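Chemist: Predicted model, plus sequence, below.
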Amino acid sequence: MASDTRGPGGQRLSRRGFVRTVGAGVALSALAPTLLAPIGRAAPARAAATPGVLVVGLVAEPTSLDPGQLTDINSMKLLGAMYDTLVRFKPNSFDIEPSLATSWDRSADGLLYTFKLRSGVKFHDGTDFNADAVKFTYDRLLDPTHPYADTGPFPFAPGYYGSIAESIVVDPLTVQFRLNREDSALLDAFTLNTGRIVSPQAVKTSRKDFAQNPVGTGPFKFAGWDHNVRITLNANPDYWDGAPALQQMIFRPLADEQTRITEFLSGGVDVIFDVPPDNIDQVKNTAGALFLAQPGPHVWWVTLNTKKPPFDNVLVRQAANFAINKDALTLDILKGTGTPSVGPIPPAITWAYTDQVAQYNYDPDRAQALLQQSGVLLPINVTFWVTESGSGMQSPKTMGTAIQADLAVVGINAQIQTFEWGAFLNKYGTGLADEAAMAELSWMFDSGDPAHMLPNNLYGPACSPKGFNGGCYQNPQVDGLLESALKVYDRDQRGAIYKQIQQIVAADAPWIFVDNQIQNAAISTRVSGLDLHPSFYMTFLNRISAA
Amino acid sequence: MHRYLVQRLLLVVLVLLGVSLLVFIVTRLTPGDPARVLLGPRATEEQVAQLRTAYGLDQPLHMQYVTWLARVVRGDLGESIQLHRPVLGEVVERFRGTLILAVAAMIISFTVGIVFGVAAALRANTALDRALMSLALLGISMPPFWVGLILIIAFTLGLRWLPATGMFSPTGGGDLQDLLVHLVLPAVSLAVVPLAVIARLTRANVLEVLNQLYVRTARAKGLHSRTVVLRHVLRNTLIGTVTILGLETGWLLAGTVYIETVFAWPGIGAMLVNAILQRDYPLVQGGVLLVAAIYVLINLSTDILYLYLDPRLRHA
Amino acid sequence: MPELAVALPAPSRAPVASSWRLRLLDRPLLSIGVALVLLIVLLALIAPLLPLRDPNVTAPARRLSGAGVNGYVLGSDQLGRDLLSRLLWGARVSITVALVAAGVAFVAGGSIGLLAGFYGGVVDNVLMRLIDILMAFPYVLLAIALVAALGPGLLNALIAIAVVNISFYARGVRAAVLVVRHMAFIEAARALGARDVRILLKEVLPSVAPPLLVFVTLNIGALIVETAGLSFIGLGAQPPTADWGTMLADGRQFMMTAPHVAAIPGLAVLALVWGLNMVGDSLRDMLDPTLAHATR
């Protein structure tokens, strides 16, 4: 083996080659992303899919299939396939119709509800659906002494069904609920995922493993769970509402947003929800893909600290609202996946919504005038809590930054502090108090009823840390209206109360009202019968088919 | 030798204890708790308190640690708060995914890296050497997650040759071929940096050996150069390789986080990041303990292997 | 990856400075590396003086513009902010964070390594066990956990990165000290009655410094990547602050529609780290030619 000399001569000889290689390497890596990008934008071929099988892309691995345990909307997407509720929403509406209960009525004092149940319905394990099953379901959720209460915990149960004192079996097809207080929102609450009816036999057999081996009455039976890979459901031909057109549903967790899009575009999944705003055009331009959009009952806002300057002054709060360019935000940043909002109740809940409220159109001059009027010395620094992520938070950092920029124009300098969701919830739950002047938050009204949200966020006594009224908004009139709304049963009358609340709140401006999310989905054209429901749930799955 | 082994094993236990304490402290210091995360904004103070009690989070901290430790000793790592399943099963399952990825990356990086390194050393100071070493230098400068993104754009969206997500196809598949096809992009992304490192180190090792006196003596005796290379060089390269095996394992086990996120690969890195963000204490504690245990045991093994391979160190 | 812990050049007392200038010219690798690093650092330093757009001003209507479009030299990001401007201003942040984190890790880790290596025995044992614990913890996860625990902000990300890198510095310094500890000049100093601290500072440290310099140069690149990684997962700088990691993370969502938003900071990171690695490599070669390029 020759001994290579390492004198300047040897180096010079290879310098050219060396420089060339290095140069090529740099050039290639510099150009690679931009060179390859145009290829990426062309519509990729869609892989052949199996007829009768629908593959759904989820944003994360489901945490459990026990309806009582769940708190995340993602896992809840599977529940409608395997379980039913006593009552459900009609397609594309928040009107209630029978499901497992065929009729119901309420005592005059509103403290006793009686449900007549559907006959001939069986759980997937062959046992009968009856009043005992209903009692078992709700007792397990609410009674800590229930023998199967240890298959929990059930985080949402007290919040939604806390008014139930006792459930009573009258006969196999009649069940009653005795309440400890009036709760006109209870009927809406019975449509929620938390209250889906479970098979007592299955819970008794599986105990804690019931979360991995769900048994309900729904159009699909649980067939298998390959952790972090897929959940398979097979059709239930004996479904009481009509056998499903599909033979099988497969749910695939794809946590990364971009990979979810990639999988959809390449045909790996047939349905994905919440298409990122900047990929919407791509979906629309892909052959074989459809883009669905549906206003959802969702509100995104910025809580203002009403207990500390400067937002203790209503003029400043109103000014903040006038300063934000909501159209630019929803059009340019959210790419139309949201519409500007005017109050705490979303337009999707038609019976409780009104737009006859104080409007805050984009008007920086008006904002500055109001600020001058308020006497606040500008520029002023405020702390703004922003979250990295979170269910329903859309694009929290981008939106927060845009809001910061808009406020800066009128002299309010928001210093953003970003937290990841867990830490954010903790801070918000403790209250803005002395630490922050602003914090963003959102809410999804999957029960279609303002009664489950407003009391947590705008009710005086719910001032953090007691509840989630982070800005400690206090208005006795609103408090009174909220309390009375729970005792009124006629929907129009309840709606009138909530409309009144909206008018007061819009004028008081305890929040910067930002937008209402439009839920969306991308589906393959081979899928038919899939409609987005305003409740964000996947519903009427027996009516979906896939060619 | 035996005394040494016993000593080292005791140290392993000590280190693991330290790790468990460290992760416990750090996660409990983090603001927020699983009750908060589960309930989200739909929580009154009493609901949060109720849930905390259900999870035993109202107990004093040292009690929580001791309770957890007592269960661990009996082999019970508890139940994941978010996933409602036993931690042990979940952690082992997810670790399998990372292991497959890490082993694949290790195989790629070792084979290609050693070949590059040996080739560069044998042709030291030629164009080939410079080219390989420049590439290697570039390699260690590239963030793995960036490499992954570039590869996806090229091979999934562009050429449409390879899938970009998951370990298997959703319908059907599940066999070895399916796995290998899904393994290519993530394993290559992960292998780039270790490959470059190994190439450089191998080159250095080989060169060092080639210049030692005894090699020249052997050649002077008239032995064929190839025999010389194979026997002496590779043996000594092995020592150097074993040394970095331990370090690389640690890097791989931890570094898979980004690759798992980009490729939606079901591994333990992504699981742990998510668990930390969800404040899933049992899962974080159990998962970190397992990863640390494996890392420490591998280091122990490589140290022992090293001793075996290099007699000079036995009496250090 | 910490190859550095293994292949440090042997520290020596041999004077090195004399032939540096000649060697610089002879080493294309070093020249390119130094040029690259100097260029980037220089641009970062003079960024405030250049005629750049404000890096924080948003223009949502002109978001995700390509290079050269709408008057943006390198394009705009998802809020319409000028990428060139954010790149240069971001360079200041990213480089500062890496330098400070390296400094903190160096001082903390180096002290531990120095003490452990010099005193040996129980001190060495205890300190190295603590370092073992730190190292056994998957480093990415430790960084993430620390940032989650400490709260938001670049400062806390910096602390997390520094803490996580302490173990590498501790081990590296300790290894170097171990080599030097028994060398003649140390024994001589001891014999002359010098106190430990004096020996540490005046004899050990200067000998260990050159390989440490190599170490630090090679490590800063890794620190930059690690900071970017943390932002990539979502735990880094606060809006609207630009730093390369956040830019990479933000741009990732647009890889398919506007890849330049992530590609540009990615390339910047690559260029700087590459340059630093070239410099570090060459320094190592110069200090101990037997290590990497031995030929005779």
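Modeler: Sure thing, it's come through.
Chemist: contacting residues for A:Leu530?
Modeler: Counting by Cβ atoms under 8 Å, 6 or more residues apart in numbering or on different chains, A:Leu530 makes contact with A:Val271, A:Leu292, A:Ala521, A:Ile523, A:Ile544. Glycine gets a C-beta too; all of them are placed from N, C-alpha and C.
Chemist: and if you look at A:Ser163?
Modeler: A:Ser163 is in contact with A:Leu179, A:Asn180, A:Arg181, A:Glu182, A:Asp183, A:Leu186, counting by Cβ under 8 Å, 6+ apart.
Chemist: Recalculate using a threshold of 7 Å.
Modeler: Residues in contact with A:Ser163, defined by Cβ atoms under 7 Å, 6 or more residues apart in numbering or on different chains, are A:Leu179, A:Asn180, A:Arg181, A:Asp183, A:Leu186.
Chemist: what's the neighbour count on the last one?
Modeler: By that I understand A:Leu186. 22 (other Cβ atoms under 10 Å in any protein chain shown).
Chemist: So stretch A:287-299, near chain B or not?
Modeler: No. Using Cβ under 7 Å from any Cβ of the partner chain, stretch A:287-299 stays clear of chain B, with a minimum separation of 11.2 Å.
Chemist: tally of neighbours for residue 208?
Modeler: This is for chain A. 17.
Chemist: my question was about chain C
Modeler: C:Val208 has 26 neighbours, counted by other Cβ under 10 Å.
Chemist: Was I right to think it contacts C:Arg181?
Modeler: No. In this structure C:Val208 lies outside contact range of C:Arg181 using Cβ atoms under 7 Å: 10.3 Å.
Chemist: Report how many residues lie close to B:Val66.
Modeler: B:Val66 is flanked by 12 other residues according to other Cβ under 10 Å.
Chemist: From B:Pro60, how far out is it?
Modeler: As defined by Cβ to Cβ, to the nearest Å, B:Val66 lies at a distance of 10 Å from B:Pro60.
Chemist: go on, C:Leu74?
Modeler: From C:Leu74 over to B:Pro60 the distance is 55 Å, taken as Cβ to Cβ.
Chemist: what about these two, which has more around it?
Modeler: Each of C:Leu74 and B:Pro60 has its neighbours counted (other Cβ under 10 Å); C:Leu74 has more, 18 against 8.
Chemist: Look up phi and psi at that one.
Modeler: phi -110, psi 10 (degrees, to the nearest 10).
Chemist: Quick check: B:Val72 vs A:Lys335, distance?
Modeler: Distance from B:Val72 to A:Lys335, by Cβ to Cβ: 49 Å.
Chemist: Find the nearest non-adjacent residue to residue 121, please.
Modeler: Just going to use chain A. Of all residues not flanking A:Val121 in the chain, A:Phe129 sits nearest, at 4.0 Å (Cβ to Cβ, 6 or more residues apart in numbering or on different chains).
Chemist: you looked at the wrong chain, it should be chain B
Modeler: Distances taken as Cβ to Cβ, 6+ apart place B:Val206 nearest to B:Ala121, at 3.7 Å, with adjacent residues excluded.
Chemist: any idea which helix or strand carries the residue in the stretch 351-500 of chain A that chain B sits nearest to?
Modeler: Scanning the stretch 351-500 of chain A for the residue nearest chain B gives A:Asn426, at 3.4 Å (criterion: Cβ to the nearest Cβ). Assigned by DSSP states H and E, A:Asn426 belongs to helix A:421-430.
Chemist: Only C-alpha atoms, please: export that helix in CSV.
Modeler: What follows is helix A:421-430, C-alpha atoms only, in CSV (Å, rounded to 0.1, in the frame of the first residue of the first chain):
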residue,chain,number,x,y,z
TRP,A,421,-51.9,23.1,26.6
GLY,A,422,-51.5,21.4,30.0
ALA,A,423,-49.6,24.3,31.5
PHE,A,424,-52.0,26.8,29.8
LEU,A,425,-55.1,25.2,31.3
ASN,A,426,-53.5,25.3,34.7
LYS,A,427,-52.7,29.0,34.5
TYR,A,428,-56.1,29.8,33.1
GLY,A,429,-57.9,27.7,35.7
THR,A,430,-56.1,29.6,38.4
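Chemist: Direction included, what does whatever helix or strand comes next after it pair up with?
Modeler: Using DSSP H and E, the helix or strand that follows helix A:421-430 in sequence is strand A:438-444. Strand A:438-444 pairs in its sheet with strand A:298-304 (antiparallel), strand A:380-387 (parallel), by DSSP bridges.
Chemist: Isn't B:Gly97 up against B:Ala264?
Modeler: No. Judged on Cβ under 7 Å, B:Gly97 makes no contact with B:Ala264 at a distance of 10.7 Å.
Chemist: helix or strand right after the lowest-mean-pLDDT helix or strand in chain A?
Modeler: Sorting the helices and strands of chain A by mean pLDDT, DSSP states H and E puts helix A:8-41 at the bottom, at a mean of 36. For helix A:8-41, the succeeding helix or strand toward the C-terminus, using DSSP H and E, is strand A:53-58.
Chemist: wait, does the following helix or strand past that next one contact chain B?
Modeler: Next along the chain after strand A:53-58, taking DSSP H and E as the criterion, comes helix A:73-76. No. Applying Cβ under 7 Å from any Cβ, one finds helix A:73-76 separated from chain B by no less than 9.9 Å.
Chemist: average model confidence for helix A:73-76?
Modeler: Mean pLDDT, helix A:73-76: 89.
Chemist: Off-centre distance for that helix?
Modeler: Put simply, helix A:73-76 sits 9 Å off its chain's centre (Cα atoms, centre = their mean, to the nearest Å).
Chemist: repeat for stretch B:193-212
Modeler: On Cα atoms, centre = their mean, the centre of stretch B:193-212 falls 22 Å from the chain's centre.
Chemist: in it, what's buried?
Modeler: B:193-210 (16 or more other Cβ atoms under 10 Å in any protein chain shown).
Chemist: One more: stretch A:105-117?
Modeler: Within stretch A:105-117, the residues scored as buried using 16+ other Cβ under 10 Å are A:Arg106, A:Gly110, A:Leu111, A:Tyr113, A:Thr114, A:Phe115, A:Lys116, A:Leu117.
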